[in-house]
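Asks: take this sequence and fold it.
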Amino acid sequence: MKIMVTGGAGYVGSHALLKLLGANHEVAVFDNFSNSSPDVLERVRKLAGANFRIYRGDIRNTAYLEQSFAEFQPDAVMHFAGLKSIGASNDQPLDYYSQNVTGSIEVLKVMQRHDCRHMVFSSSATVYGECGDLPCDENHSLQPTNPYGRTKYFVEEIIRDWTTSWRDASAVLLRYFNPVGADPSGQIGEDGTDTPNNLTPHIARVAAGLSDRLNIYGGDYDTIDGTGERDYIHVDDLAQAHLAALDYAGQRTGCEAINIGTGLGTSVLEMIAAMEQASGRHVPYVVVPRRSGDVARSVATVDKAERLLNWTAKQGISNMCKTAWDWQTGQHAGKRGLKPQRLIVCDERKSAILETRTLGIEKPRTSSLTAGNAINVDVLCQVSVKPKRTSVIEGWHPRVLQRHAQQAHPD
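Replies: As a prediction, this is how the structure comes out:
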């Protein structure tokens, strides 16, 4: 098939592009590179050993969109293009409605004029809002709590109406939960030009010493540890789901909404612990007030994806964090990179230095920690490690500290 990928240089779009090329589809990318780079597409070309067309433009530019469709004549569209930050959508709602909703309408209009009948839409679990019953299935009421989620909800409804009015058309609305990780090659990952919108890149930046600490928005939710709980999915699994959805849409008419997740919830603190394990470095954090529009828990029911798409997620949290860290510190790290962390272990009153250590990429030798205070000087993180008891003054995940304490004092 000939596939137009809008937003194909973005995080999820680039991974889906690689899968499409690997399946021998003919592909064109339409992207304005507002939060991505053309360099990503060059790396995809090399990884896939295949070429594809690139149209640099905004999907709201109807004339250029028309030109690209007239030249390429796609059979289907994978529609990723759009803005995606919950926080920014609260501050700039009109920008989000313009880019995400108006832009999607233009894509659908051009598709219909060029007899392009099939769409796979990058939707989001944010359309559900606060799920009363978890895990959340596709029949749950749609009550998004922020402008970003509402743009996804509105576009879903517009696509439904489009497939109803054009009976030869089909669409799959992939409601994915929280994509994380990177391609195992280490060549592509989450690398927007702005501040990262997703949790894992923030954690990786802090672990790498590029940010002082992680802000956790809310520590008083009704969850396992008070922090927000999400269903995280490896981006490689998510990209594979797009290929399965494309095959499904190509054989049917109408519109289907399908959750894409693992069905398992992970809290922010649990994700921090997993990244510390993957990186061998400490991730200081501070709990700040809740962010407007966030929900306590969001976990998917994934039975429908398995039934209709013959798809299930295969990768767990540990590999999500491993590939994210490899991407953070790999050959294409650029501005991401890695800085050493300087660790000082001193006595309880911080009057005598017991040990000084620099943490690089390698894992620290935690067994040498002694009773006293460990201060990560670069990120102003302070903890207290005592025999059979661990208290957190600021920053490190309690389970990680408990592991350190047990290793330091096995009895």
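
Asks: can you pull up the most central residue in the chain?
Replies: Pro179 (3.3 Å; CA atoms, centre = their mean).

Asks: next, that residue: secondary structure please.
Replies: strand (DSSP: H, G, I helix; E, B strand; the rest coil).

Asks: I'd say it and Ile233 touch.
Replies: Yes. At 5.8 Å, Pro179 and Ile233 qualify as touching, with contact defined as CB atoms under 8 Å. Where C-beta positions appear, they are placed from N, C-alpha and C, glycine not excepted.

Asks: so the residue nearest to the residue nearest to the centre of the chain when sequence neighbours are not counted versus Ile54, what's the distance?
Replies: Closest residue in space to Pro179, ignoring its immediate chain neighbours: Val235 at 4.7 Å, by CB to CB, 6 or more residues apart in numbering. For Val235, the distance to Ile54 equals 21 Å [CB to CB, to the nearest Å].

Asks: quick one: which of those two has more around it?
Replies: Val235 (26 against 19; other CB atoms under 10 Å).

Asks: list phi and psi for the more buried one.
Replies: phi -60, psi -30 (degrees, to the nearest 10).

Asks: cool, and the one 10 residues further on?
Replies: Main-chain dihedrals, Ala245, degrees, to the nearest 10: phi -70, psi -40.

Asks: so it touches Leu174, yeah?
Replies: Yes. Shown here, Ala245 and Leu174 form a contact pair, counting by CB under 8 Å, at 5.8 Å.

Asks: what's the overlap in contacts for these two?
Replies: Residues touching both Ala245 and Leu174 by CB atoms under 8 Å, 6 or more residues apart in numbering: 120, 258.

Asks: other SSEs contacting the longest helix along the chain?
Replies: Ranked by residue count, the top helix of the chain under DSSP state H comes out as helix 147-165. Using 3 or more CB pairs under 8 Å, 6 or more residues apart in numbering; DSSP states H and E as the contact test, the elements touching helix 147-165 are helix 86-91, helix 93-96, helix 103-113, strand 118-124, strand 170-176, strand 254-260.

Asks: distance from that helix to the middle of the chain?
Replies: 22 Å (CA atoms, centre = their mean, to the nearest Å).

Asks: can I get it in CSV, CA atoms only?
Replies: Taking Å, rounded to 0.1, in the frame of the first residue of the first chain, the C-alpha atoms of helix 147-165 are listed here in CSV:
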residue,chain,number,x,y,z
PRO,A,147,-8.0,20.8,26.0
TYR,A,148,-5.5,18.3,24.5
GLY,A,149,-7.8,15.4,25.4
ARG,A,150,-10.8,17.3,24.0
THR,A,151,-9.1,17.8,20.7
LYS,A,152,-8.6,14.1,20.4
TYR,A,153,-12.2,13.5,21.4
PHE,A,154,-13.5,16.0,18.8
VAL,A,155,-11.3,14.5,16.0
GLU,A,156,-12.5,11.0,16.9
GLU,A,157,-16.1,12.2,16.5
ILE,A,158,-15.3,14.0,13.2
ILE,A,159,-13.7,10.8,11.9
ARG,A,160,-16.7,8.8,12.9
ASP,A,161,-19.0,11.2,11.0
TRP,A,162,-16.7,11.0,8.0
THR,A,163,-16.8,7.2,7.8
THR,A,164,-20.6,7.3,8.3
SER,A,165,-21.1,9.8,5.4
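
Asks: circling back: OK, contacts around the residue nearest to Pro179?
Replies: 11-12, 15, 179-183, 189-190.

Asks: how much space between it and Met320?
Replies: 8 Å.

Asks: give me the common contacts of the two.
Replies: 180-181.

Asks: show me the shaky parts of the stretch 101-250 of the chain.
Replies: Along the stretch 101-250 of the chain, segments meeting pLDDT under 70 span 192-197.

Asks: could you rerun that using 90?
Replies: Across the stretch 101-250 of the chain, the ranges flagged by pLDDT under 90 are 130-134, 190-199, 201, 205, 208-212.

Asks: that older thread, distance to Thr262 added to the contacts of Val235, as CSV?
Replies: Listed next are the contacts of Val235 as CSV, based on distance: CB to CB, whole Å:
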residue, distance to Thr262
Tyr11, 18
Val12, 16
His15, 17
Pro179, 11
Val180, 11
Gly181, 12
Ala182, 17
Asp183, 18
Gly189, 19
Glu190, 18
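
Asks: tell me the one of those residues nearest Ala278?
Replies: Taking CB to CB as the measure, Ala278 sits nearest to Gly181 out of those, at 10.4 Å.

Asks: residues in contact with that closest one?
Replies: 189, 200, 234-236, 315, 319-321, 323-324.
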